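Enquirer: The sequence and its predicted three-dimensional model are supplied below.
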Amino acid sequence: MRGISRTSLEEVTQRLGTVLESADTAALGRELFEVVALLEREHTLRRWLADRANPAEAKSGLIGELLESQASPSTVMVVGDVVQARWSRQRDLVDAVERAAVFATIARAETEQRLTDLEDELFRFSRLLSGQPELRAALTDDSVPDVRKSAVVEELLADKADPATTSLVTQAVTHPRGRRLEDGLEYFGRLVAERAQRYVALVRTAVALSEDRQERLRTVLARIYGRPIHLNIDVDPSIMGGMSVRVGNEVIDGTVAGRLNDVRRRLAG
């Protein structure tokens with residue numbers, strides 16, 4: 001987000017912290033995700049709420065009427081706060097509600113200092129999908145009912161992952177919002193890392209890294225980016241040697257395959 005939307009996002013995120021202190025955060029997360037689905041379905045409603053020409057009080061009043069009998073006061077408060085803010089695009093408004101839903105979902109894990117576990121579990125599920133194309137196909141098949149997809153996720157992660165991880169994976173599977181499943185999982189992972197006040201680095205390497213090399217890499221990246229780094233490591237023999245590191249949109253490619261591709265591009269040019 002940029003400009004007005006970025007400022008609004010920072011403000012509503014800061015106020016969300018006060019709500020999380022006293023709310024049933026798991027229930028709040030579920031209800032906020034339901035609001036995201038509602039806004040995705042109801043184009044006219046979303047357009048009206050995002051229109052900066054409409055009074056903020058009227059927007060929050062409408063949200064109160066729509067949600068008061070179906071959601072908790074905490075949900076009404078959070079969504080009301082979002083719709084009163086100013087957004088550059090309709091999608092930015094929905095993104096803000098989704099972001100609040102993620103932060104509510106992981107709030108308990110955050111309090112119990114288990115966010116690292118959530119990051120690892122989301123990444124491992126993404127790797128599981130890459131190794132099992134039939135599973136991925138089933139979870140992304142529009143003809144498969146969402147209730148069935150949710151049951152598959154629950155079966156796969158039961159007693160193996162934090163409940164917050166299961167909730168986020170289920171959301172990524174059943175309400176992708178136009179994202180590839182892997183992209184949705186990565187996005188949620190970045191939000192978890194943001195809540196932990198660190199960046200996520202996706203490291204692709206031809207061979208597994210020792211604990212010592214991982215720690216040295218974390219130290220170097222933390223020095224570069226000025227924030228603690230969480231490593232997600234993907235061992236991929238196809239890159240032949242070296243490693244590539246992606247932090248956000250920045251890529252440091254030191255792989256043999258990457259250098260060969262660069263040579264090919266130059267020759268082709």
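Expert: Perfect, thanks for sending it.
Enquirer: Can I get the helix or strand where G189 lies as PDB, trimmed to CA atoms?
Expert: Following DSSP states H and E, one finds G189 within helix 181-195. Taking Å, rounded to 0.1, in the frame of the first residue of the first chain, the C-alpha atoms of helix 181-195 are listed here in PDB:
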ATOM      1  CA  LEU A 181      -2.200 -21.100  -2.800                       C
ATOM      2  CA  GLU A 182       1.600 -20.900  -2.200                       C
ATOM      3  CA  ASP A 183       1.500 -17.100  -2.500                       C
ATOM      4  CA  GLY A 184      -1.300 -16.900   0.100                       C
ATOM      5  CA  LEU A 185       0.700 -19.000   2.500                       C
ATOM      6  CA  GLU A 186       3.800 -16.900   1.900                       C
ATOM      7  CA  TYR A 187       1.800 -13.700   2.500                       C
ATOM      8  CA  PHE A 188       0.400 -14.900   5.800                       C
ATOM      9  CA  GLY A 189       3.900 -16.000   6.800                       C
ATOM     10  CA  ARG A 190       5.100 -12.400   6.100                       C
ATOM     11  CA  LEU A 191       2.400 -11.000   8.300                       C
ATOM     12  CA  VAL A 192       3.400 -13.400  11.100                       C
ATOM     13  CA  ALA A 193       7.000 -12.300  10.700                       C
ATOM     14  CA  GLU A 194       5.900  -8.700  10.700                       C
ATOM     15  CA  ARG A 195       4.100  -9.200  14.000                       C
END
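Enquirer: which other residues reach that helix?
Expert: Residues outside helix 181-195 that contact it (CB atoms under 8 Å, 6 or more residues apart in numbering): 99, 102-103, 106, 110, 115, 118-119, 122-123, 125-126, 129-130, 136, 139-140, 168-169, 171-173, 176-177, 179, 199-200, 202, 230, 232, 248. C-beta coordinates here come from the backbone N, C-alpha and C atoms, glycine included.
Enquirer: Any regions of this protein where pLDDT drops low?
Expert: 256-260, 262-269 (pLDDT under 70).
Enquirer: circling back: filter the contacts of helix 181-195 down to the ones in strands?
Expert: 199-200, 202, 230, 232 (DSSP state E).
Enquirer: Which of these has the largest number of neighbours?
Expert: Compared across the ones in strands among the contacts of helix 181-195, V200 has the highest neighbour count, 22 neighbours, by other CB atoms under 10 Å.
Enquirer: Correct me if wrong: that one contacts T116.
Expert: No: between V200 and T116 there is no contact under CB atoms under 8 Å: 10.9 Å.
Enquirer: and V97, what does it touch?
Expert: V97 neighbours (CB under 8 Å, 6+ apart): 32, 35-36, 39, 78-79, 82.
Enquirer: Quick check: neighbours shared by V200 and T116?
Expert: Residues touching both V200 and T116 (CB under 8 Å, 6+ apart): H230.
Enquirer: do you know how far the spatially most central residue of the chain is from T116?
Expert: Residue closest to the average C-alpha location in the chain (CA atoms, centre = their mean): F188, at 1.6 Å. Going from F188 to T116 by CB to CB, to the nearest Å gives 15 Å.
Enquirer: now S238
Expert: Between S238 and T116 the computed distance is 28 Å (CB to CB).
Enquirer: When those two are compared, which one has more neighbours?
Expert: Comparing S238 with T116 by other CB under 10 Å, the one with more neighbours is T116, at 14 against 8.
Enquirer: picking that back up, ChimeraX command for the buried members of the contacts of helix 181-195?
Expert: Here is the ChimeraX command that selects the buried residues among the contacts of helix 181-195 (16 or more other CB atoms under 10 Å):
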select :99,102,103,106,110,115,118,119,122,123,125,126,129,136,139,168,169,171,172,173,177,199,200,202,230,232
